[in-house]
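Participant: Sequence and computational prediction follow.
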Amino acid sequence: MTTGAIGHRICCFGDSLVHGVRDGEKGGWPMRLARRLLDEAGRDVTIYNLGIRAETSEGLKARWQDEANLRMVEEFPTVLIFSFGVNDANHAEDRGEETTMRVSPAKSATNAAEIIGAASKLAPTLWVGPQAVINGSKSSQEINQRLEGLNQIYLETARGFDVPYLDLLATTLVDDTWQRALRRGDGYHPDKFGYDRLADLIWEWGAVQKTIGLSASDD
């Protein structure tokens, strides 16, 4: 392990899957990302885990910029990472056989465009797409179907703003490690092994390393 240079401040915004609910090691994938950047790349970055449990894109839109501004200083470059969507797709009301989304697809699309559009003007921005919930009951299958629609909207939004987007939905829907981790969790949040897997996928993506200026030989 090298000591490396102290540098970037990375703000990770999102919901409980960013925060790390049910993670026995605590800290979710942001903590693992910071550890990996130090241990494998010698970069002592500052990671801010700014995930809030149960938050939708509505709540995130209202708070992210104030929180980012509080953590931005001239001496250190900032990177913004966003991951949201599962709570938008979750059930707001039960009406017998029918349910409604907490945030409609149209509103979620608008929120996403506002968030990512403003963020990409403020600092280098990355977007980790929503992860599948457990592929089990009719209720969870419905959420995953909604997430498919949101994921496509988010992907097109990211392209429009030229923001790197990690599409995880199809992978996490069938990935044995992720789905087993969800079964050991609560169906929405994995145990620690699920967060390990998510951190691996984000690391393998390579966008974080590229954004902070790591060469191919560094990562």
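Facilitator: Noted; the coordinates are in hand.
Participant: mind listing what Asp196 touches?
Facilitator: Neighbouring residues of Asp196 by CB atoms under 8 Å, 6 or more residues apart in numbering: Arg32. All C-beta spots, glycine's among them, are computed from the backbone N, C-alpha and C.
Participant: if I look at the nearest residue to Arg53 once chain neighbours are set aside, how far off is Val163?
Facilitator: Nearest residue to Arg53, sequence neighbours excluded (CB to CB, 6 or more residues apart in numbering): Ser16, at 4.0 Å. Here the criterion is CB to CB, to the nearest Å. By it, Ser16 lies 23 Å from Val163.
Participant: And the residue nearest to Arg53, how far from Ala199?
Facilitator: 16 Å.
Participant: Which strand residues bridge the residue with the shortest distance to the centre of the chain?
Facilitator: Note on the chain: the residue nearest the mean C-alpha position is Ser83, at 2.6 Å, using CA atoms, centre = their mean. With beta bridges defined as DSSP bridges, Ser83 has these partners: Gly14.
Participant: Quick check, it in contact with Gly14.
Facilitator: Yes - at 4.1 Å, Ser83 counts as touching Gly14 under the criterion of CB atoms under 8 Å.
Participant: Now the common contact residues for the two.
Facilitator: Each of Val128 lies in contact with both Ser83 and Gly14 under the rule CB under 8 Å, 6+ apart.
Participant: Next SSE downstream of the longest helix along the chain?
Facilitator: For the chain, the helix with the greatest residue count under DSSP state H is helix 138-161. Downstream of helix 138-161, the first helix or strand assigned by DSSP states H and E is strand 165-166.
Participant: if we look at whichever helix or strand comes after that following strand, which residues are touching it?
Facilitator: Sequence order places helix 169-174 as the next helix or strand after strand 165-166, per DSSP H and E. Contact with helix 169-174 is made by 129-132, 135, 144, 147-148, 151, 178-179, 198, 201, as judged by CB under 8 Å, 6+ apart.
Participant: contacting residues for Gly14?
Facilitator: 50-52, 55, 60, 82-84, 128.
Participant: and if we set it to 7 Å?
Facilitator: Residues in contact with Gly14 (CB atoms under 7 Å, 6 or more residues apart in numbering) are 51, 82-84.
Participant: circling back to that earlier point, buried sites along the longest helix of the chain?
Facilitator: For helix 138-161, the neighbour count (16 or more other CB atoms under 10 Å) marks 140, 142-144, 146-148, 150-151, 153-155, 157-158, 161 as buried.
Participant: For my notes, confirm Cys11 occurs in a strand.
Facilitator: Yes - applying DSSP: H, G, I helix; E, B strand; the rest coil, one finds Cys11 inside a strand.
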